[in-house]
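Engineer: sequence unknown, structure follows:
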C-alpha cells in the first residue's frame, strides 16, 4: 500500500485514483491522521449505502499509536525510494 502526504497526493491525485480503481489503495497522512484512498463499489439500493456507512461509523476502531504511524511512514518512504 502506498503512503504519501496530502501535499504529495495533490500533484498526483489522478494517478492515485487510477491505482485505487486497480485495487491498489493509498494511505494519505495529514497531521498524524490517516485517510485511505480506495475504490468503492456502490450498493444497488441507496438504503444499503446508508446502512454500510452507519455500520462503519458504529464499528469499533483501534487507536493508532505513534509506533504504528512511524512504521507506516517508514514503509511508505522506503517504497517511495525503492
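Structural biologist: Noted; the coordinates are in hand. Keep in mind the model is a prediction, meaning the values are calculated, not measured.
Engineer: and the longest helix along the chain, what's its mean pLDDT?
Structural biologist: Identified as the longest helix of the chain according to DSSP state H is helix 66-81. For helix 66-81, the mean pLDDT works out to 78.
Engineer: Equivalent analysis for stretch 9-27, please.
Structural biologist: Throughout stretch 9-27, pLDDT has a mean value of 94.
Engineer: So what would you say the end-to-end distance of that stretch is?
Structural biologist: Terminal residues of stretch 9-27 are spaced 10 Å apart (C-alpha to C-alpha, to the nearest Å).
Engineer: Now tell me what touches it from outside.
Structural biologist: 1-4, 28, 34-39, 72, 76 (C-beta atoms under 8 Å, 6 or more residues apart in numbering). Backbone N, C-alpha and C define where each C-beta goes, glycine included.
Engineer: Could you list which of these belong to helices?
Structural biologist: Using DSSP H, those in helices are 72, 76.
Engineer: which residue ranges form the strands in the chain?
Structural biologist: 2-5, 26-30, 33-37 (DSSP state E).
Engineer: so the last one versus strand 26-30, what angle?
Structural biologist: Regarding strand 33-37 and strand 26-30, their directions subtend 150 degrees when assessed with axes from the mean of the first three to the mean of the last three C-alpha atoms, to 10 degrees.
Engineer: packing partners for strand 33-37?
Structural biologist: Secondary-structure packing of strand 33-37 (3 or more C-beta pairs under 8 Å, 6 or more residues apart in numbering; DSSP states H and E): helix 13-21, strand 26-30.
Engineer: again with the shortest one
Structural biologist: In terms of contacts (3+ C-beta pairs under 8 Å, 6+ apart), strand 2-5 is packed against helix 13-21, strand 26-30, helix 66-81.
Engineer: Mind checking those for the one nearest to residue 52?
Structural biologist: helix 13-21 (17.8 Å; C-beta to C-beta).
Engineer: OK, contacts around the residue most central in space within the chain?
Structural biologist: For the chain, the residue nearest the mean C-alpha position is residue 36 (1.0 Å; C-alpha atoms, centre = their mean). Counting by C-beta under 8 Å, 6+ apart, residue 36 makes contact with 25-28.
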